[in-house]
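Undergrad: predicted model and sequence below, questions to follow.
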Amino acid sequence: MIDLKTATWLIVASLHLAIIIRAILLDGRDSNARAAWLLLLIALPVIGVILYLLFGEPWISNGFKARERRILEELRPFASRPDQHMEPAGLIANAFRTFEAASRWPVSIGNLGRIAPDSNTAIAMLVADIDAAQHSVHLSFYIWLSDNNGTKVIEAVCRAARRGVTCRIAADAIGSRALIRSVHWIAMCEAGARLCSLLKAPLGLGFLVGHRTDLRNHRKIAVIDGRIAYGGSQNCADPAFLVKHRFAPWIDILIRFEGPVARQADIIFASAWTHETGEDLRFVMAVDPPRPSDDGFAAIAAGTGPLSPRGTMTDMFVSIIAAAQTSMTITTPYFAPDPPLIGALVAAARRGVEVQIIFPRRNDSRIVGAISRAYYPILARAGVRIFEYGGGLLHAKTIVVDDLLALIGSSNMDRRSLDLNFENNILFESQLLAAQLHDLQRRWLRDAVEIDRREATSRPIPRRLFDNLLSIIGAVF
């Protein structure tokens, strides 16, 4: 007869073996992540099993998936009209087609854009547009603080709501939890704004709401009257970013777009809003989309997340990198690439493209900062020029290719943005706007130090051991 101790051991061992088999059999996972999980499960059996059950798979209930897909299918027909999109052509066609495949709507034409020179100006521009709003204000932020800039937007929302503008305000339940629990949230509600806390997980019990507890809406979207849209990396906060003030100032970017691309951004907002609140926004999207400008440019907004086919965000990054012919400058604060992404960067440098990547010198995530440094030797040997920005935490996520094609948005080049977070990005083709964005990147370069090949490839052995070990573990998440 088996005693209690032996029975317990057999149950634990069986669970451990079952989790290992599950980690090996799971479809869609890249081999690096599979190997990392296998190593963790073998090396740390109990801890590894717990971590796998919590974070091993981007699990989402079938009900959550079905509801989100149904909403997107209902909203997609309103993305554009036949006279407002273009057929991609030339060297950048594949990049646009990849974004079309991800969003399942066409590239729009006739858009206009204006880059905010700094974070405070960006908030001032947004507040002015909210104050001028006549019909609707749609805002969604991952982090919204009740600091100077955050309060300015809150007050503008209250003013708009009181004069009868429909204000739909969404904030991530974790990233903006302090605001959601504050008097400012109540003030917007009392003014008449409709509020939504995104991806709530009561007491961390994700199974109660049908998704992983750490599933986050990382998007930054603002759409005014359905015709003006803001896209970029900036949260609704001061550059001082009080929750992580040691790394301040936080350097971000917002671009103000006008034109049909605003409708696409609005649909990305509406899909999350309808999923969380149940409010059907098809009647809002049924009005004619913004008219294209005769002197505007091509652009497409795309939302990605854990419901996208695995590798979608990587495909989008790779398609832009593959379009580069002469030059490419990238800024990203968090760099933990998967094999196709690092391979595309290396290939671009090897074929003669001048590739520059700007990272923050001091990263608020020590782990991701160490993982980034682990890739310096690979990049440097291929000819990529690596820079570290010292004027604060460079949080902007930007790519400029050949001073023509550019990407801005919320996605980092790390595993969370590639596979797990809900993200939004805008790809556009404009010599003028791309050159202006490149000028901003050059301004950041003036406050950056180049890491030469010798420095990148000659790290002390303990440092290499630590960074490279973290790069293996990074594939786990």
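TA: In hand now; what should we look at? Residues are numbered from 1 along each chain as shown.
Undergrad: my read: Arg227 touches Ala262, true?
TA: Yes: Arg227 lies in contact with Ala262 (Cβ atoms under 8 Å); the separation is 5.4 Å. Placement of C-beta: from N, CA and C, glycine included.
Undergrad: which of the residues in the helix ranked longest in the chain are buried?
TA: Ranked by residue count, the top helix of the chain under DSSP state H comes out as helix 4-25. Across helix 4-25, burial judged by 16 or more other Cβ atoms under 10 Å covers His16, Ile19, Ile20, Ala23.
Undergrad: redo the residues you listed as CSV? Include distance to Val449 and pLDDT.
TA: Shown next, in CSV, are the buried residues of helix 4-25 (distance: Cβ to Cβ, whole Å; pLDDT from 0 to 100):
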residue, distance to Val449, pLDDT
His16, 47, 80
Ile19, 44, 84
Ile20, 44, 84
Ala23, 40, 81
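Undergrad: list just the nearest of those residues to Ile386.
TA: Taking Cβ to Cβ as the measure, Ile386 lies nearest Ala23 of these, at 33.4 Å.
Undergrad: give me the distance between the closest one and Ile221.
TA: From Ala23 across to Ile221, the span is 35 Å (Cβ to Cβ, to the nearest Å).
Undergrad: for the residue nearest to Phe335 when sequence neighbours are not counted, pull up the helix or strand it's in.
TA: Residue nearest to Phe335 in three dimensions, not counting chain neighbours: Ser372, with 4.1 Å by Cβ to Cβ, 6 or more residues apart in numbering. Using DSSP states H and E, Ser372 sits in helix 366-374.
Undergrad: if we can go back for a sec, any common contacting residues for Arg227 and Ala262?
TA: Pro290 (Cβ atoms under 8 Å, 6 or more residues apart in numbering).
Undergrad: tell me which of these two has more neighbours.
TA: Ala262 (27 against 19; other Cβ atoms under 10 Å).
Undergrad: and that one, how far is that from His395?
TA: For Ala262 relative to His395 (Cβ to Cβ), the value is 24 Å.
Undergrad: do the same with Ala406
TA: 17 Å.
Undergrad: pretty sure Arg67 is touching Ala272, no?
TA: No: with contact defined as Cβ under 8 Å, Arg67 does not reach Ala272; the gap is 11.4 Å.
Undergrad: among the two, which residue is more densely surrounded?
TA: Ala272 (24 against 15).
Undergrad: just the strands in the stretch 1-150 of the chain please.
TA: 108-115, 136-141 (DSSP state E, counting those that start in this stretch).
Undergrad: out of the ones you listed, deepest packed?
TA: Of all the strands of the stretch 1-150 of the chain, strand 136-141 carries the top mean neighbour count, a mean of 24, counting by mean count of other Cβ atoms under 10 Å.
Undergrad: averaged pLDDT, it. What do you get?
TA: When pLDDT is averaged along strand 136-141, the result is 98.
Undergrad: okay, now the domains of this protein?
TA: 4-55, 62-86+110-296, 312-474 (automatic domain parsing).
Undergrad: got those domains as CSV, with distance to Arg104 columns?
TA: Output for the domains of the chain, formatted as CSV (distance: least, Cβ to Cβ, whole Å):
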stretch, distance to Arg104
domain 4-55, 20
domain 62-86+110-296, 6
domain 312-474, 11
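Undergrad: closest to Ala95 out of the ones you listed?
TA: Nearest of the domains of the chain (Cβ to Cβ): domain 312-474, 4.3 Å.
Undergrad: the most centrally placed residue in the chain: what secondary structure?
TA: In the chain, the centroid-proximal residue (Cα atoms, centre = their mean) is Ser411; its distance is 2.7 Å. With DSSP: H, G, I helix; E, B strand; the rest coil as the basis, Ser411 sits in coil.
Undergrad: quick check: phi and psi at it.
TA: Ser411 adopts backbone torsions of phi -80, psi 130, taken as degrees, to the nearest 10.
Undergrad: let me know whether it touches Ala302 as I believe.
TA: No: if you go by Cβ under 8 Å, Ser411 and Ala302 don't touch, sitting 9.7 Å apart.
Undergrad: any residues in contact with both of the two?
TA: Asn425.
Undergrad: so which bits of the helix holding Ser372 are buried?
TA: Ile367, Val368, Gly369, Ala370, Ile371, Ser372, Arg373, Ala374.
Undergrad: need the helices for the stretch 1-150 of the chain, in chain order.
TA: Assignment of helices within the stretch 1-150 of the chain using DSSP state H, counting those that start in this stretch yields the ranges 4-25, 31-43, 45-55, 62-75, 93-103, 119-132, 148-162.
Undergrad: and Leu470, which of those helices is closest to it?
TA: Smallest distance to Leu470 across the helices of the stretch 1-150 of the chain (Cβ to Cβ): 10.7 Å, for helix 31-43.
Undergrad: ok, back up a step: would you tell me which of the helices of the stretch 1-150 of the chain gets closest to Asp172?
TA: helix 148-162 (13.8 Å).
Undergrad: and Val243, how far from Gly392?
TA: From Val243 across to Gly392, the span is 15 Å (Cβ to Cβ).
Undergrad: for the helix or strand bottoming out on mean pLDDT in the chain, packing partners?
TA: Sorting the helices and strands of the chain by mean pLDDT, DSSP states H and E puts helix 461-474 at the bottom, at a mean of 74. When contacts are defined as 3 or more Cβ pairs under 8 Å, 6 or more residues apart in numbering; DSSP states H and E, helix 461-474 packs onto helix 31-43, helix 366-374.
Undergrad: in terms of mean pLDDT, which of the ones you listed ranks lowest?
TA: Among the helices and strands packed on helix 461-474, helix 31-43 scores lowest, at a mean of 79.
Undergrad: buried stuff in that helix?
TA: Ala33, Arg34, Ala35, Ala36, Trp37, Leu40, Leu41.
Undergrad: closest to Ala161 among those?
TA: Ala33 (44.9 Å).
Undergrad: before we move on, back to that, tabulate the helices of the stretch 1-150 of the chain in TSV, adding columns for distance to Ile255.
TA: Output for the helices of the stretch 1-150 of the chain, formatted as TSV (distance: least, Cβ to Cβ, whole Å):
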stretch	distance to Ile255
helix 4-25	41
helix 31-43	33
helix 45-55	33
helix 62-75	23
helix 93-103	16
helix 119-132	9
helix 148-162	17
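Undergrad: ok, which of the ones you listed comes nearest Gly175?
TA: Closest to Gly175 of the helices of the stretch 1-150 of the chain, according to Cβ to Cβ: helix 148-162, at 12.3 Å.
Undergrad: got the angle for the closest one vs helix 119-132?
TA: Counting by axes from the mean of the first three to the mean of the last three Cα atoms, to 10 degrees, helix 148-162 lies at 10 degrees to helix 119-132.
Undergrad: how far off strand 136-141 does helix 148-162 point, in degrees?
TA: 150 degrees.
Undergrad: so which bits of helix 148-162 are buried?
TA: Result for helix 148-162 [16+ other Cβ under 10 Å]: buried residues 149-161.
Undergrad: neighbouring contacts of that helix?
TA: 119-120, 123-124, 126-127, 130-131, 133, 137, 139, 144, 146, 167, 169, 179, 184, 187-188, 191-193, 236-238.
Undergrad: out of those, which are buried?
TA: 119, 123, 126-127, 130, 133, 137, 139, 144, 146, 167, 169, 179, 184, 187-188, 191-193, 236-238.
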